[in-house]
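In: The sequence and its predicted three-dimensional model are supplied below.
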Amino acid sequence: MMTIKKYIPLAFVVLAVAACSSSEQLPINTTVRISPTEKTFHIAPPEDGVNRCSLGHYQDIPLLISVEDEQGSPVGGVDVGVYVDFTANTYSGPDVLRLFYDRNGNGVVDEETEFVSAEEDGAFISKTHRYNGNLLLILRINLSCVYRGNVFAYAGPYSSLMPVSIEYETAESHQSLTYGSTVDGQ
């Protein structure tokens with residue numbers, strides 16, 4: 001009995017060290033960024049005034065998620081979670097925002113093998129690139145109805161969000177697009 005009591009403190013130390021080494025430590029004031037910072041599209045209003053959503057009309061955009069330390073240096077090999085969600089109950093139809101991970105690096109979505117997350121799914125988790133601290137995903141944005149949503153990215157306690165908005169075109173938004181100003185964050 002005496003020999004077991006002798007090893008109990010050592011067992012607690014070993015368990016504590018193992019628990020600390022399994023969790024990821026991020027530098028203080030780490031920054032998670034999503035580029036572009038926001039995306040807004042203007043679509044023509046339906047002729048009958050009814051907001052219908054079909055999944056055949058969409059735009060794929062690359063999302064660059066980066067993790068940096070306080071000095072702006074990349075933090076590689078970090079687990080990053082990314083997911084899409086809708087704000088303030090603005091939409092309750094089919095998955096109009098979908099995330100894809102371009103596994104083969106060709107810049108084209110392969111729906112069967114590269115789909116990773118939509119509104120009802122959990123977060124997609126992957127590591128940032130070892131050297132540049134980036135994770136590249138493709139966001140498919142449905143352009144057939146109006147809604148607002150967000151893309152969320154997080155690494156440890158640090159996070160970022162990218163608003164996505166599909167709005168009906170107005171005379172004012174049409175004029176701003178005609179004269180070359182952009183409605184995108186970047």
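Out: On my side now, so go ahead.

In: List the neighbouring strands of the strand or helix carrying His42 plus their orientation.
Out: Assignment of secondary structure by DSSP states H and E places His42 within strand 39-43. According to DSSP bridges, strand 39-43 forms sheet pairs with strand 158-168 (parallel).

In: Pull the distance from the strand holding His42 to the chain's centre.
Out: Put simply, strand 39-43 sits 18 Å off its chain's centre (Cα atoms, centre = their mean, to the nearest Å).

In: For that strand, list every residue counted as buried.
Out: Residues 39, 41-42 are the ones in strand 39-43 that count as buried (16 or more other Cβ atoms under 10 Å). C-beta here means a position set from N, CA and C on the backbone, and glycine is covered the same way.

In: for that strand, what is the average pLDDT?
Out: Averaging pLDDT along strand 39-43 gives 94.

In: need the next SSE after that strand, C-terminal direction.
Out: Remark: after strand 39-43, the chain's next helix or strand is strand 58-68, criterion DSSP H and E.

In: and the angle for that following strand with strand 39-43?
Out: 170 degrees (axes from the mean of the first three to the mean of the last three Cα atoms, to 10 degrees).

In: Which other helices and strands does strand 58-68 contact?
Out: For strand 58-68, the packing partners by 3 or more Cβ pairs under 8 Å, 6 or more residues apart in numbering; DSSP states H and E come out as strand 31-35, strand 79-86, strand 134-142, strand 147-155, strand 158-168.

In: could the ones you listed be laid out in JSON lines, adding mean pLDDT and distance to Asp95?
Out: Supplementary listing: the helices and strands packed on strand 58-68 in JSON lines, determined by pLDDT from 0 to 100; distance: least, Cβ to Cβ, whole Å:
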{"stretch": "strand 31-35", "mean pLDDT": "97", "distance to Asp95": "19"}
{"stretch": "strand 79-86", "mean pLDDT": "90", "distance to Asp95": "8"}
{"stretch": "strand 134-142", "mean pLDDT": "94", "distance to Asp95": "8"}
{"stretch": "strand 147-155", "mean pLDDT": "93", "distance to Asp95": "10"}
{"stretch": "strand 158-168", "mean pLDDT": "94", "distance to Asp95": "13"}
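
In: I'd like to know which of these lies nearest to Val50.
Out: Between Val50 and the helices and strands packed on strand 58-68, the shortest gap by Cβ to Cβ is with strand 158-168, which sits at 12.3 Å.
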